[in-house]
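quick one: sequence and predicted model below, then my questions.
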Amino acid sequence: MKKKSRLLLQMFAVMVLILGCSDTNKIALIFDTDANNEIDDQHALAYLFYNSDIFNIKGITVNATVNGGPIEEHYEEAKRIMQLCGWFSKTPLISGANGNFNTIEKEITSADFDGHKAVEFIIKEALEYNPKDKLIVLAVGKLTNVALAIKKEPLIIPNIRVVWLGSNYPDPGEYNLENDILSMNHLLETEVEFEIVTVGYGKLTGTDVVKVTKAEVDNKIYNLGNSIETPVIGRHGGQFFSFGHYAKSLFENITYYGKPPSRSLFDMAAVAILKNPSWAKSKVIPSPLMLDGKWVQKEDNPRKIKLWEHFEKDAILKDFYRSLTPD
């Protein structure tokens, strides 16, 4: 009898292990990025791929913002990171919008409107989910692809949870926001579940606090990631066999700020708080709008959104380094 009980327990443990590794128990998401804009998108992508035991990565969609060139260059930068992380053959990479929401929405009924591949991909994936089992769309650039998908197929609204790295709310400004304000306003005027992971330039409340110094780049980031056999040509030239070596090249071609000189990894923090929500604080607020460059508060608005602030820098960076430590 004791042997039979032990056998049953062992079988149960194996079943738990198998189920725990299945995609159905992971966080399903699409990552929407302007990958060639700066350096934080690349670190967010790498962190995502090296946490594939946590995330069921349905696809990477790209868009173009004012920095980083046209959509092709954002696509190529995302491709580099996927190759460096051994992920290019595992997850679809889809080009999205070059332009902005207010221009493209007028052409959305055409077969080949700007960004149609990414928009159609988001719609297709979202329709496979339901309100109890939502697909997360994690957007770390402008919201054009996401807003167009909802505009084209409103049936996906209850099926997705949009988490956006953007804005200095409640203050104006911020790069992702200013690249397509109307796309954000469109989403805020729908009923889609919407969350803002704040940036907060120069404040202690936003993802701006998740900074790495030049010394950390040299001593920690440089050594991250497993080696690959075929080198990747970097966007600034050179051949790279690991994410860490390429990341150091990216840092060598940007400007550090502050004392000590450092740079923020905004987008990576957005991935981190999906992995562990305790690494930030959230609150629910009435949904605002941005009009004439200013936030308009609507205190009696029944439509609510979630705001993420106060990020645990040390915990996030510790996990980032741990996740990408070579095998």
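On my side now, so go ahead. Here the structure is a predicted model, which means the values were calculated and not measured.

which residues does the residue nearest to residue 173 when sequence neighbours are not counted contact?
Using CB to CB, 6 or more residues apart in numbering and skipping the chain neighbours, the partner closest in space to residue 173 is residue 201 (7.1 Å). Using the backbone N, CA and C atoms, a C-beta is placed for each residue, glycine as well. Residue 201 makes contact with 168, 173-174, 208, according to CB atoms under 8 Å, 6 or more residues apart in numbering.

same check on residue 59?
By CB under 8 Å, 6+ apart, the neighbours of residue 59 are 30-31, 91-94, 121, 125.

identify the farthest-apart pair in those.
Greatest spatial distance in the contacts of residue 59: 93 and 125, 13.8 Å, computed using CB to CB.

ok, these two, which is more surrounded?
Using other CB atoms under 10 Å, the more surrounded residue of residue 93 and residue 125 is residue 125, with 22 against 19.

let me see the ranges of the strands in the chain.
27-33, 55-62, 93-95, 135-139, 160-165, 193-197, 211-213, 232-233, 239-240, 262-264, 281-286, 289-291, 294-296, 304-309 (DSSP state E).

residue 83 and residue 232 touch, don't they?
Yes. Counting by CB atoms under 8 Å, residue 83 does reach residue 232; the two are 5.1 Å apart.

so what's residue 60 bridging to?
residue 31, residue 93 (DSSP bridges).

how close does it sit to residue 246?
Distance, residue 60 to residue 246, using CB to CB, to the nearest Å: 17 Å.

and residue 261, by the same measure?
Taken as CB to CB, the span from residue 261 to residue 246 is 20 Å.

the two: which has the busier surroundings?
Using other CB under 10 Å as the criterion, residue 261 and residue 246 rank with residue 246 on top: 28 against 13.

find the nearest non-adjacent residue to the more buried one, please.
In this structure, residue 246 finds its nearest non-sequential neighbour in residue 240, 4.0 Å apart by CB to CB, 6+ apart.

check contacts around the one you found.
84, 231-234, 246, 249.

would TSV of those with distance to residue 155 and pLDDT be doable?
Output for those, formatted as TSV (distance: CB to CB, whole Å; pLDDT from 0 to 100):
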residue	distance to residue 155	pLDDT
84	37	98
231	44	98
232	39	98
233	42	98
234	41	97
246	40	98
249	44	97
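
and for residue 191, nearest residue in space, chain neighbours not counted?
Once flanking residues are discounted, residue 191 sits nearest to residue 157: 5.8 Å by CB to CB, 6+ apart.

what's the local residue count around that neighbour?
Using other CB under 10 Å, residue 157 has 17 other residues around it.

wait, doesn't it sit right on residue 189?
No. Using CB under 8 Å, residue 157 makes no contact with residue 189, being 11.5 Å away.

OK, contacts around residue 226?
Counting by CB under 8 Å, 6+ apart, residue 226 makes contact with 86, 242, 326-327.

give me that answer again for 6 Å
Residues counted as contacts of residue 226 (CB atoms under 6 Å, 6 or more residues apart in numbering) are 326-327.

distance of it from residue 268?
18 Å.

try residue 159
Taking CB to CB, one finds residue 159 at 26 Å from residue 268.

before we move on, what about residue 74?
17 Å.

could you do residue 27 as well?
Counting by CB to CB, the gap from residue 27 to residue 268 is 16 Å.

neighbour count: the two, which is higher?
Higher neighbour count among residue 27 and residue 268: residue 268, with 27 against 15, using other CB under 10 Å.

surely that one touches residue 45?
No. Using CB atoms under 6 Å, residue 268 is not in contact with residue 45; the gap is 8.9 Å.

give the contact list for the nearest residue to residue 27 once chain neighbours are set aside.
Among residues not flanking residue 27 along the chain, residue 55 sits closest, at 5.1 Å (CB to CB, 6+ apart). Listed by CB under 6 Å, 6+ apart, the contact partners of residue 55 are 26-27, 48.

now, which of those sits nearest residue 103?
Using CB to CB, those come closest to residue 103 at residue 48, 29.9 Å.

right, and the closest one touches residue 270 too?
No. When contacts are counted by CB under 6 Å, residue 48 is not listed as touching residue 270 (10.0 Å).

all helices for the stretch 1-150 of the chain, in order.
Using DSSP state H, counting those that start in this stretch, the helices of the stretch 1-150 of the chain run over 2-20, 40-49, 71-84, 101-104, 116-126, 144-152.

comparing these by mean pLDDT, which bottoms out?
The weakest mean pLDDT among the helices of the stretch 1-150 of the chain belongs to helix 2-20, with a mean of 44.
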